[in-house]
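Enquirer: one predicted model, sequence on top.
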Amino acid sequence: MMLEEAQARLKKEKINTQDQLWAINSLYILLDLHKDDFCKIIDAVGLETLIKKQSHYERLNRAEQELTAKERYLSAKARLEELESEKSDLEQIVSGYKPI
């Protein structure tokens with residue numbers, strides 16, 4: 001949503017900075033609402049309240065990304081250990097082979 005468009009749709013609240021607009025736009029995209037409905041929510045709840053909720057969402061998103069990265073790391077580490085064990089077993093078979 002553009003600044004002028006948001007200002008025209010809002011009744012009580014006014015967006016004063018581009019930072020506020022970016023914060024609101026990310027919530028607008030996330031919620032996937034009609035512009036008029038979203039602006040009614042802004043007017044009802046308040047711009048600053050929504051911006052605080054948006055930053056809370058960003059923290060949750062970062063935490064989820066960190067958790068996903070850690071799970072992938074632990075899975076890869078366990079798989080490497082399995083492969084090293086399998087490699088060791090295969091090397092023993094190869095080194096112990098004696099042709100007839």
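Expert: Nice, I can see it.
Enquirer: rest of the way, CA atoms for contacts and neighbours
Expert: OK.
Enquirer: Asp43: neighbour count?
Expert: By the measure other Cα atoms under 10 Å, the count of residues near Asp43 is 16.
Enquirer: that one and Gln7 touch, don't they?
Expert: No - counting by Cα atoms under 8 Å, Gln7 is not a contact partner of Asp43; they are 11.1 Å apart.
Enquirer: which secondary structure elements does the helix ranked longest in the chain sit against?
Expert: Assignment by DSSP state H gives helix 47-96 as the longest helix of the chain. For helix 47-96, the elements it packs on are helix 18-31, judged by 3 or more Cα pairs under 8 Å, 6 or more residues apart in numbering; DSSP states H and E.
Enquirer: off-centre distance for the helix it packs on?
Expert: From the chain centre to the centre of helix 18-31 is a distance of 15 Å (Cα atoms, centre = their mean, to the nearest Å).
Enquirer: residue contacts, Tyr76?
Expert: You called it Tyr, but residue 76 is Ala. Neighbouring residues of Ala76 by Cα atoms under 8 Å, 6 or more residues apart in numbering: there are none.
Enquirer: any idea how far it lies from Glu5?
Expert: Plainly put, Ala76 is 48 Å away from Glu5 if you go by Cα to Cα, to the nearest Å.
Enquirer: tell me, how many residues neighbour Gln18?
Expert: 11.
Enquirer: just give the closest residue to it, not the sequence neighbours.
Expert: With Cα to Cα, 6 or more residues apart in numbering as the criterion, Gln18 has its nearest non-adjacent residue at 7.8 Å, and that residue is Leu3.
Enquirer: residue contacts, that neighbour?
Expert: 15, 18, 21.
Enquirer: looking at those, which is nearest His56?
Expert: Using Cα to Cα, Leu21 comes nearest to His56 of the contacts of Leu3, at 16.6 Å.
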